[in-house]
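Participant: Structure for the following, please:
(one chain, ligands or ions: 2)
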Amino acid sequence: MKSNLSIQSVLAKFDKNLDGIIKEDIPVLKKIKKHVISSGGKRIRPFSHYLFCQFLNVKDTSWLDVGSVAELIHAASLLHDDVVDNAPIRRGKPTIGTLFGNKTAILAGDYLLACGISRLNSLGNPELMEIFSQVLKDLSVSELLQMEWEKNPKINLKVYDSIIYGKTASLFGVCTESAAILANKSKKERALIRDFGVRLGKLFQKKDDCLDYFVESSASGKEFLKDFKNGLYTYPVLVLRENLSFLEKKKLESVFKKEERSVTDETYILDLMESKKVSEKLHKELGAEKKYLLGFLNQFPASAERQLFVEQLDRLT
Ligand code: FPP
Ligand code: MG
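Facilitator: Ligands and ions are numbered 1, 2, ... in the order given. Predicted coordinates for the structure are as follows:
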């Protein structure tokens, strides 16, 4: 594949390709297509697929479709997720559910998914079909697992890890592993490259969970403390809980058990996070993981794309 494409031109290629994959022209789908393509998404999944195709010197032109399908699956899962979470905004804009209603959001998500699978099928590569089908199962199973566990005080870091594997890391793993498939790499190399994607996805999701407690809405594009208001045991809370005494844990659980959390509860959790230095602990842990990922990338030759990916990694994590 060409190595001298500018990043903007690569992202524009993905956008154009997405435009061709989502063909339906009934008015509501046209609007949703526009919303999906111009949603301000960072295209980090297709970009990581592209980057690994570059690293592995992939000759197969399927990379454009594979990266686009990954983005479509991501977009479809977010349409469904915003219904599940009853979310009014995403990336600072009203969700499809808010604009057109939840029924439309679900059906549009199904449609995007069908478009993606149909394009993937046309590539005639059973190995790709297999890993992408698995990702769809992982996404759905992990959302169910999350619903089962998120308000349960017995949730632990192992369960949390399975949830974030399925809802985020599995698709990141597929983005990198599919590049190794297109490059005809051995099973062992495939596994190593997949592992990079999985670790990147987990880091990404943990960081996303941290935004809820440590970044104001204006900077994150999400409602501040939304997860807390919803009584969800996300990563910062699980890390906080590890650092609490028995009595402090009981108090934390009683706050999470309430029907609704008050402004006083918000002050309580923020003060507790601060006194137990959760932000510093997370910064250290996520920083170490980021260092590993950057080290992994360094084994490949330096390029403008690698540099941009490193910058994205810096910004997102
Ligand atoms: C975001 O998590 C959720 C996901 C990345 C996955 C959602 C998956 C489904 C709803 C299953 C349906 C699957 C398919 C393939 C259609 P979050 O709510 O923690 O993050 P957020 O703050 O970005 O909403
Ligand atoms: Mg959500």
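Participant: Show the subsequent helix or strand relative to the helix ranked longest in the chain.
Facilitator: When the chain is scanned for its longest helix (criterion: DSSP state H), the result is helix 187-214. Helices and strands here follow DSSP states H and E; after helix 187-214, the next one along the chain is helix 217-220.
Participant: as a whole number, average confidence for that following helix?
Facilitator: What helix 217-220 shows for mean pLDDT is 72.
Participant: about what we covered before: and the longest helix of the chain, what does it pack onto?
Facilitator: Packed against helix 187-214 by the contact rule (3 or more C-beta pairs under 8 Å, 6 or more residues apart in numbering; DSSP states H and E) you find helix 44-55, helix 157-164, helix 170-182, helix 226-229, helix 235-242, helix 263-275, helix 278-297, helix 304-316. The C-beta positions use only the backbone N, C-alpha and C, and glycine is treated the same way.
Participant: The last one - what's its average pLDDT?
Facilitator: When the per-residue pLDDT values of helix 304-316 are averaged, the result is 84.
Participant: Equivalent analysis for the longest one, please.
Facilitator: When pLDDT is averaged along helix 278-297, the result is 96.
Participant: Can you spell out which helices and strands pack onto that helix?
Facilitator: Using 3+ C-beta pairs under 8 Å, 6+ apart as the contact test, the elements touching helix 278-297 are helix 187-214, helix 235-242, helix 304-316.
Participant: Need the residues that contact that helix.
Facilitator: 196, 199-200, 202-203, 206-207, 210, 213-214, 235-236, 239-240, 243, 273, 306, 309-310, 313-314, 317 (C-beta atoms under 8 Å, 6 or more residues apart in numbering).
Participant: Give me the buried subset of the residues you listed.
Facilitator: Among these, those scoring as buried are 196, 199-200, 202-203, 206-207, 210, 213-214, 235-236, 239-240, 273, 306, 309-310, 313, 317 (criterion: 16 or more other C-beta atoms under 10 Å).
Participant: distance of the nearest residue to Asp314 once chain neighbours are set aside from Thr317?
Facilitator: Computed as C-beta to C-beta, 6 or more residues apart in numbering, the closest residue to Asp314 that is not its neighbour in sequence is Lys290, at 7.8 Å. With distances defined as C-beta to C-beta, to the nearest Å, the gap from Lys290 to Thr317 amounts to 5 Å.
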